[in-house]
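Trainee: With the sequence up front, the predicted model follows.
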Amino acid sequence: MRNAAPPRADLIQPRQGRRSPRLGPTAILAATGPDVALLSACLQAAPDGGRPMFTSRLYPGRDGGVSLVGPAIGAPYAAMLVETLAAWGVRTLLFVGWCGAIATEVAIGGVVVPGVGHIDEGTSRHYAPNTTVSRPSPRLAERLAQTCTAAGLTVSTGGVWTTDAVFRESPDKIERFRALGAVAVDMEASAVFTVAAFLGIEAAALLLVSDELSSLTWRPGFNHPQFLQTREAACRAVADLAARL
């Protein structure tokens, strides 16, 4: 367990009020609606559709079990959810998102469990000024990678480049972050790691490779059979791991 976060002077902070749910220590944060649906089925979440949480839905775990929240696209919004989940009792967080491959060894239908997040989003700089990388919990990331491998998934543990601007993924940026060891690009992971470290909680990420940019052209694979199969297997693996944490 990481050290507790220091006292904060921020004027607006998430709090656990009288109407706030008391969550168990483990939660899954999913970036996309389709993965929220898959994960809620894997977790056997209550069929009432959860409860509103900002513009997402929260499925509190029964009797302190695993909670689920999403969708959560983009670093600023993901940070809001991480902050709030921590205030409501979460201490271990698994993030599930999609990513684009920027290295040739990563392909549509693969899985990335990043060991480092290369910060190209603005949110992390409010929590860790002058920092260019963030990192997941090594223990949690290792367990996540092992669980995915055991489920038969093709797993890469390289870095992820996190950007706020999906339509500004230029060839020069791809080359620059690839040279730093990034194998994929997403919009949330580095911020999730930064905020979790700031709050003193553990976090790791599983990123499903939905498209490819490694050839410096865009190849979408959102409907590719291998990607769809991987999504189902990966969501089952994450739900299984979360239940064992």
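Mentor: Looks like it came in fine.

Trainee: Contacts only, for L153.
Mentor: By CB atoms under 8 Å, 6 or more residues apart in numbering, the contact list for L153 reads G110, V111, T230, A233, A234, A237. Any C-beta I mention is one placed from the backbone N, CA and C, and that applies to glycine too.

Trainee: Those residues in helices, which ones?
Mentor: With DSSP state H as the criterion, helices contain T230, A233, A234, A237 from among the contacts of L153.

Trainee: Just want to check the distance between the first one and G117.
Mentor: When distance is defined by CB to CB, to the nearest Å, T230 is 21 Å away from G117.

Trainee: In this protein, where is pLDDT below threshold?
Mentor: Scanning the chain for pLDDT under 70 picks out 1-6, 47.

Trainee: Quick test: name the residue nearest the centre of it.
Mentor: F95 (2.7 Å; CA atoms, centre = their mean).

Trainee: Give the helix, strand or coil label for the nearest residue to that residue once chain neighbours are set aside.
Mentor: What sits nearest to F95 in space, not counting adjacent residues and going by CB to CB, 6 or more residues apart in numbering, is A205, at 4.2 Å. Recorded secondary structure, A205: strand (DSSP: H, G, I helix; E, B strand; the rest coil).

Trainee: In this structure A205 contacts W98, no?
Mentor: No - the pair A205 and W98 does not pass the contact test of CB atoms under 8 Å, sitting 11.0 Å apart.

Trainee: neighbour-wise, which of these two wins?
Mentor: Neighbours were tallied for A205 and for W98 using other CB atoms under 10 Å; the higher tally belongs to A205 (28 against 21).

Trainee: could you list every residue that touches the more buried one?
Mentor: 94-97, 113-114, 136, 141, 144, 160, 188-189, 192-193.

Trainee: For my notes, confirm F167 occurs in a strand.
Mentor: No - F167: not assigned to a strand; according to three-state DSSP it is helix.

Trainee: what about it, neighbour count?
Mentor: By other CB under 10 Å, 6 other residues sit near F167.

Trainee: Tell me who's in contact with T131.
Mentor: Shown in contact with T131 (CB under 8 Å, 6+ apart): I119, S124, R125, T194.

Trainee: Show the buried residues in these.
Mentor: I119, S124, T194 (16 or more other CB atoms under 10 Å).

Trainee: So which of the residues you listed are in strands?
Mentor: When DSSP state E defines the strands, the subset of those inside them is I119.

Trainee: any idea which of the buried ones among the contacts of T131 is the one closest to P171?
Mentor: Nearest to P171, judged by CB to CB, of these is I119 at 20.2 Å.

Trainee: Make sure that closest one is actually in contact with S134.
Mentor: Yes - I119 lies in contact with S134 (CB under 8 Å); the separation is 6.1 Å.

Trainee: where do the contact lists of these two overlap?
Mentor: Joint contacts of I119 and S134 (CB under 8 Å, 6+ apart) are S190, A191, T194.

Trainee: Count the residues that sit near the nearest residue to the first one once chain neighbours are set aside.
Mentor: Taking CB to CB, 6+ apart, and ignoring the residues beside it in sequence, S190 has G117 as its nearest neighbour in space, at 3.0 Å. The criterion is other CB under 10 Å. On that basis, G117 has 27 neighbouring residues.

Trainee: for the protein, what spans make up the helices?
Mentor: With helices called from DSSP H, the chain shows them at 33-42, 75-87, 138-150, 171-179, 189-199, 225-244.

Trainee: okay, those, which one's buried deepest?
Mentor: Compared across the helices of the chain, helix 189-199 shows the largest average neighbour count, a mean of 28 (mean count of other CB atoms under 10 Å).
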